[in-house]
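Asks: Any chance you can model this:
(4 chains)
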Number of protein chains: 2
Amino acid sequence: MATMSSNLPEKSSVEAEQRQRILAAALEQLRSEGVHGLRVRSIAALAGCSTTGVYTWFGGKDGLLKALYSDGFDRFTAALAEVRKTGGRTQLSELARAYRRWSIENPTHYRLMFGGLVPGLVAKASLDGVGLSSFGILVDAVQRTIDGGELGPGDATGIAYHLWAGIHGYIDLAANRPMSMIGGDDELFERGLVRLLDGLVREDQPS
Amino acid sequence: MATMSSNLPEKSSVEAEQRQRILAAALEQLRSEGVHGLRVRSIAALAGCSTTGVYTWFGGKDGLLKALYSDGFDRFTAALAEVRKTGGRTQLSELARAYRRWSIENPTHYRLMFGGLVPGLVAKASLDGVGLSSFGILVDAVQRTIDGGELGPGDATGIAYHLWAGIHGYIDLAANRPMSMIGGDDELFERGLVRLLDGLVREDQPS
DNA sequence: ATCGTTGCCGTAACAATGTTATGGCCATAA
DNA sequence: TTATGGCCATAACATTGTTACGGCAACGAT
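Replies: Take a look at the predicted model:
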């Protein structure tokens, strides 16, 4: 039959080594050159194949970016998952630091995931729920904190969103700040984190 | 002499109407198509000139983007400047709302300015101190609030940075959120703003 | 008034890059 | 052995930023 369920080759166990090589090359290119430096020809050359290989295994540049996006969330989620699930302010702080640490160690990847540089990327990938697992870790931590009594009862998802927004604000502003000044990002972030958590803890109204 | 102080034509009063036409066309294109939709040919056609006009008046696409960047900050600063300088929590809240309102009414422009989509744009433009005037309004408001006694003594710049980061976090996360859910951005922002200001007000240690 | 210079403009070509058409090669199965 | 299917590389095409080149109009000098 001419119709196939997927126009992308299936990765039958060890088959798609070429796909993995291309993805690794793209990741290397992303790290060294940034999102705007991702060129199909360069990546293919780095992977040791022709440019059409990218189309064979990813359907084009968009597909490759989507794969990088998903891959980034996998790594990001894994980094967050390493934080001990103790609940309470301890876990929330450690999660925030792990979040920020990952964004600093993987700046280009973070920008690809959260910078919205690729028009339809977030829309396409978020429908797969690929970003939910990492956010779920945060929600889970908030819920544990609520259960532990360190946080008044409320909507864990909403509270997690406030945390997320605060953390992201510091990170994004520090990454590409429009005003060039202010040193000591670490201290600024730590102080902001204290305020952020204080604000959550002191919350009494139901969210 | 062959050497000129600037390789860009000077705008001797009414002279540079062409430059203004191109800038207006670029702004229209930015609004309708977004940053990634800015094409030299389209803009030139929209302005009623050939593509080389962009190079004559802006030195290329980068120069045009830089002009859009500066222009955006002018408008943004003007929007913030409309807030009454009463000082106190009132002015800080209104500034935050004016900030957010502008970002919502000019989403593509905001992304051009704060999204870091153009590699060298922030570095080039921030050296001109173009973003400082808007940030200065925020610093001034914080200083007034400190002087008024609603905020303990501290570094106004540092405190303003915390405000900026918090506001930007909500805006940026809502603009291209990786997880597609959660409605009621307005309420979330207002609640976050209350927490943010509470955190600042309850601050007692010198920043 | 005429001529020369200066500077903007448009056409067209060039370079880089994403994408697609085309044909070939190799592995696998009958 | 042969036929088929799928992956691959070469090469061409479309788009877009950029630059070379020639023209023309305005302004100033003689």
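Asks: In chain A, what residue lies closest to chain B?
Replies: At 2.4 Å from chain B, A:G169 is the closest residue in chain A, using CB to the nearest CB. Where C-beta positions appear, they are placed from N, C-alpha and C, glycine not excepted.
Asks: Quick one: residues contacting the residue lying closest to that residue once chain neighbours are set aside.
Replies: Counting by CB to CB, 6 or more residues apart in numbering or on different chains, A:G169 lies nearest to B:G169, which is 2.4 Å off, once chain neighbours are set aside. By CB atoms under 8 Å, 6 or more residues apart in numbering or on different chains, the contact set of B:G169 is A:W164, A:A165, A:G166, A:I167, A:H168, A:G169, A:Y170, A:D172.
Asks: Counting only helices, which of those make the cut?
Replies: With DSSP state H as the criterion, helices contain A:W164, A:A165, A:G166, A:I167, A:H168, A:G169, A:Y170, A:D172 from among those.
Asks: pLDDT added to these, as JSON lines?
Replies: Formatted as JSON lines, these follow (pLDDT from 0 to 100):
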{"residue": "A:W164", "pLDDT": "92"}
{"residue": "A:A165", "pLDDT": "92"}
{"residue": "A:G166", "pLDDT": "94"}
{"residue": "A:I167", "pLDDT": "94"}
{"residue": "A:H168", "pLDDT": "93"}
{"residue": "A:G169", "pLDDT": "93"}
{"residue": "A:Y170", "pLDDT": "92"}
{"residue": "A:D172", "pLDDT": "90"}
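Asks: Quick check: of these, which has the highest neighbour count?
Replies: A:G166 (29 neighbours; other CB atoms under 10 Å in any protein chain shown).
Asks: which residues of chain A fall in helices?
Replies: A:17-33, A:40-47, A:51-58, A:61-81, A:88-105, A:107-114, A:121-126, A:132-148, A:156-175, A:185-201.
Asks: Please produce a markdown table containing the ones you listed, extended by distance to B:A47.
Replies: Below are those laid out as a markdown table (distance: least, CB to CB, whole Å):
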| stretch | distance to B:A47 |
| --- | --- |
| helix A:17-33 | 33 |
| helix A:40-47 | 32 |
| helix A:51-58 | 35 |
| helix A:61-81 | 30 |
| helix A:88-105 | 40 |
| helix A:107-114 | 32 |
| helix A:121-126 | 31 |
| helix A:132-148 | 44 |
| helix A:156-175 | 33 |
| helix A:185-201 | 41 |
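Asks: Just send the ones you listed back as JSON lines, with distance to DNA strand D too.
Replies: JSON lines is the format used below for those (distance: least, CB to the nearest atom of the strand, whole Å):
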{"stretch": "helix A:17-33", "distance to DNA strand D": "4"}
{"stretch": "helix A:40-47", "distance to DNA strand D": "7"}
{"stretch": "helix A:51-58", "distance to DNA strand D": "4"}
{"stretch": "helix A:61-81", "distance to DNA strand D": "13"}
{"stretch": "helix A:88-105", "distance to DNA strand D": "29"}
{"stretch": "helix A:107-114", "distance to DNA strand D": "21"}
{"stretch": "helix A:121-126", "distance to DNA strand D": "18"}
{"stretch": "helix A:132-148", "distance to DNA strand D": "29"}
{"stretch": "helix A:156-175", "distance to DNA strand D": "24"}
{"stretch": "helix A:185-201", "distance to DNA strand D": "32"}
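Asks: which of these has the lowest average pLDDT?
Replies: Lowest mean pLDDT of these: helix A:121-126, a mean of 65.
Asks: give the contact list for A:T52.
Replies: Contacts for A:T52 (CB under 8 Å, 6+ apart) come out as A:A44.
Asks: 10 Å instead?
Replies: If a contact means CB atoms under 10 Å, 6 or more residues apart in numbering or on different chains, then A:T52 has A:V40, A:A44 as its contacts.
Asks: do the same with A:I167
Replies: Applying CB under 10 Å, 6+ apart, the residues near A:I167 are A:95-97, A:99-100, A:103, A:138, A:189, A:192-193, A:196, B:165, B:169, B:173.
Asks: didn't A:A67 look like it was pressed against A:I22?
Replies: Yes. Taking CB atoms under 10 Å as the definition, A:A67 is a contact partner of A:I22 at 8.8 Å.
Asks: Against A:S103, how distant is A:F114?
Replies: Here A:F114 is placed at a distance of 8 Å from A:S103 (CB to CB, to the nearest Å).
Asks: Name the residues contacting each of these two.
Replies: Shared contacts of A:F114 and A:S103, defined by CB under 10 Å, 6+ apart, comprise A:F76, A:H168, A:I171, A:D172, A:A175.
Asks: which parts of chain A sit against DNA strand C?
Replies: Chain A comes close to DNA strand C at residues A:L38, A:R39, A:V40, A:R41, A:T51, A:T52, A:Y55, A:G60, A:K61, A:D62, as judged by CB under 7 Å from any atom of the strand.
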